[in-house]
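Peer 1: A structural model of the following input is requested.
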Amino acid sequence: MGLSLIAIVVGLITGFGSILFRGLIGLIHNLFFLGRFSVFYDANVHTLAGPWGAFIILVPVIGGMGVVFLVETFAPEARGHGVPEVMDAIYYKEGRIRPVVAAVKSLASALSIGSGAAVGREGPIIQIGASLGSTFGQFIRMETWQRITLVAAGAGAGISATFNTPIGGVMFAIELMLPEVSVRTFLPVALATGTATFIARLFLGLRPAFDMPPMSVLADHPAPLYALLLYAALGAAAGLAATGFIRGLHAMEATFQHIRNPYLRHAIGMLLVGTLFYGLFCFAGHYFVEGVGYATIQDVLLGGLVAAPMLAMLFFSKLIATTLSLGSGSSGGIFSPSLFMGATLGGAFGAICHAIYPSPDINVAAFAIVGMAAVVGGGTGAAMTAVTMIFEMTRDYDLVMPLIIAVAVSIGIRRLLSRENIYTIKLVARRHFIPKALHANMFLVRRAGEVMDKDILILPADMSFDTFLRMPDHDGRMRHVVITRGDSILGVLRVNTGLRHGLESAFTGVTLGEVALRNFTIAREEDIMFNVIGRMSRKRAAMVIVFRVKGLLRASNVAGLITKEHIADSVSDSISPYAAGEFST
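Peer 2: Numbering: from 1, shown residues only. Here you go, the predicted structure:
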């Protein structure tokens, strides 16, 4: 109950934080691009031509210098797209994120996005929400799993508030953040995302992230087979695009690292980005690739951009601009750029198909929407998140089947070409591996009686160790012994009886009672292993003595012993059906 209440508070603060973050982006954007003081900024509308003329090229450079100062001075974790750092904190730092990260990430990302870096606002708000959850988890005394749950809840709340997608926020946390999915972890995440979405809707309204055509983009009948095959082909193209994005970003980061000075490094990257979006302005009338790029996505969805060559050019321009921005040191997310690339790629694909075979079932807007989900899914590896979020953004149920097909194919192609997704590739470079599959831990619900070693010895404490070693039935194997005094348990022993070879004439002079281990704990045959392992951990026990279900805790009632080796064997049996699969996807 307490964890759920804290999760609501995290969702509340994250919801207000997302509103303030948008306002800060708007303030910086209006100052830098238009020279006016205002927090109002509709990212779904193209930025007007600024008063700076060609000097607009320097705007992202100036903003970038502020980003470098903040990141280098206060929080290096705020560099980049944020989600890998959150995942790293969950799996390798017990959910601990420095409180200063939330403030620095807010300022640095607002500067990046507001000054024209081709990055998204969802990665920052994810890291900000996660940092808030972690801060609560550190200031309030709680267990590690609870702190990790709050980190995931803050991350899910951030993305749901950003895109007005509460279900997508929950799915994001489940697929990418939570090491354990259960009622105790799901409830806080759902409460946080629901609360954050409620706050965002109070200020931003109920409208989805993008305006859609007044009618469904699909006809009022099931999509024919040829259309589904075209969506599958689009999924394959999106998988290639996602792979190019992953490898391109990774290569760009490695390339810029050769420039030692972070200010020079980022200045070069942002100068190239400024030149690119000013070139697009001169050529096509809009900056297009600066910032989150929602205006371009909106144009594609509403039919303002339908020419395949133009859409293809915008796809490659955004790919270059985003990899330059993040590779050189910007602070921002990859989700919005993925949506942009997906919309332009899908729109170009749909336009080409429609030109070859005009049909009401081949709609540019529909292919753009499906392309958005396919590139997001392929890049992040989060299939359910991609499908759910795009559905919530568009609220068009007819697109669910094409979405599922394209996302599945996209992820499949990307996995063939790149084992790591855009989040994990950065962590793997640090040798921090992240599991990409949620397995049911069946070994945790096995009974102690199923795991224990029944072939044990129960011997008196006054027996000499030499006599024990010379017992004829050992056969040189590992023996587990319960050592007793009368009917009471004195200790346990684990002995490799192969030691007796060559020691037949040796004399140690010690008894079993003198070499017995006292760090053991107890269990009943019916106890589940989750509780048994927890007991071992708390008491730092080397072994567990398992007693029969009924009866006193006496030597005469011992049924078996469990060691860490037996637990490992149980884990091995549990994962053996999946052992042929890859660890990373």
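Peer 1: from the middle of its chain, how far away would the helix or strand hosting Gly342 be?
Peer 2: Here Gly342, judged by DSSP states H and E, is contained in helix 335-356. Helix 335-356 sits 26 Å away from the centroid of its parent chain (C-alpha atoms, centre = their mean, to the nearest Å).
Peer 1: helices or strands next to the helix or strand just after that helix in the packing?
Peer 2: For helix 335-356, the following helix or strand on the C-terminal side (DSSP H and E) is helix 364-380. Secondary-structure packing of helix 364-380 (3 or more C-beta pairs under 8 Å, 6 or more residues apart in numbering; DSSP states H and E): helix 225-256, helix 294-301, helix 335-356, helix 383-394, helix 400-417. Placement of C-beta: from N, CA and C, glycine included.
Peer 1: average pLDDT across the longest one?
Peer 2: Per-residue pLDDT values across helix 225-256 average out to 94.
Peer 1: give me the angle between it and helix 335-356.
Peer 2: Counting by axes from the mean of the first three to the mean of the last three C-alpha atoms, to 10 degrees, helix 225-256 lies at 140 degrees to helix 335-356.
Peer 1: same question for the shortest one.
Peer 2: Going by the same axes, to 10 degrees, helix 294-301 is angled at 20 degrees with respect to helix 335-356.
Peer 1: who touches helix 294-301?
Peer 2: Among residues not part of helix 294-301, those counted as contacts by C-beta atoms under 8 Å, 6 or more residues apart in numbering are 43-47, 209-213, 286, 288-289, 304-306, 311, 314, 336, 339-340, 343-344, 347, 364-365, 368-369, 372.
Peer 1: same question, stretch 167-176
Peer 2: Applying C-beta under 8 Å, 6+ apart, the contact partners of stretch 167-176 are 83, 87, 152-153, 155-161, 181, 186, 189-190, 193, 196-197, 380-385, 388-389, 392, 423.
Peer 1: can you give me the buried ones in the helix holding Gly342?
Peer 2: Buried residues in helix 335-356, counted by 16 or more other C-beta atoms under 10 Å: 335-354.
Peer 1: just put the helices and strands packed on helix 364-380 in TSV and tack on distance to Pro435.
Peer 2: Formatted as TSV, the helices and strands packed on helix 364-380 follow (distance: least, C-beta to C-beta, whole Å):
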stretch	distance to Pro435
helix 225-256	18
helix 294-301	32
helix 335-356	22
helix 383-394	16
helix 400-417	15
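Peer 1: could you pull up phi and psi at Gly80?
Peer 2: Gly80 has phi and psi values of phi 90, psi -160 when expressed as degrees, to the nearest 10.
Peer 1: need the nearest residue in space to it, chain neighbours excluded.
Peer 2: Closest residue to Gly80 apart from its sequence neighbours, by C-beta to C-beta, 6 or more residues apart in numbering: Leu326 at 6.0 Å.
Peer 1: what does Met384 give?
Peer 2: According to C-beta to C-beta, 6+ apart, the nearest residue to Met384 is Met171 (4.8 Å).
Peer 1: mind checking the SS state of that neighbour?
Peer 2: helix (DSSP: H, G, I helix; E, B strand; the rest coil).
Peer 1: okay, it and Glu77: tell me how far apart.
Peer 2: The gap separating Met171 from Glu77 is 25 Å, by C-beta to C-beta, to the nearest Å.
Peer 1: closest to the centroid, which residue in this protein?
Peer 2: Closest residue to the average C-alpha location of the chain: Leu176 at 2.9 Å, with C-alpha atoms, centre = their mean.
Peer 1: make a ChimeraX selection of whichever of the contacts of stretch 167-176 turn out to be buried.
Peer 2: In ChimeraX syntax, the buried subset of the contacts of stretch 167-176 is picked out as below (16+ other C-beta under 10 Å):
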select :83,87,152,153,155,156,157,158,159,160,161,186,189,190,193,196,197,380,381,382,383,384,385,388,389,392,423
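Peer 1: what about the stretch 451-585 of the chain, any weak spots by pLDDT?
Peer 2: For the stretch 451-585 of the chain, applying pLDDT under 70 flags the ranges 473-476, 498-508, 576-585.
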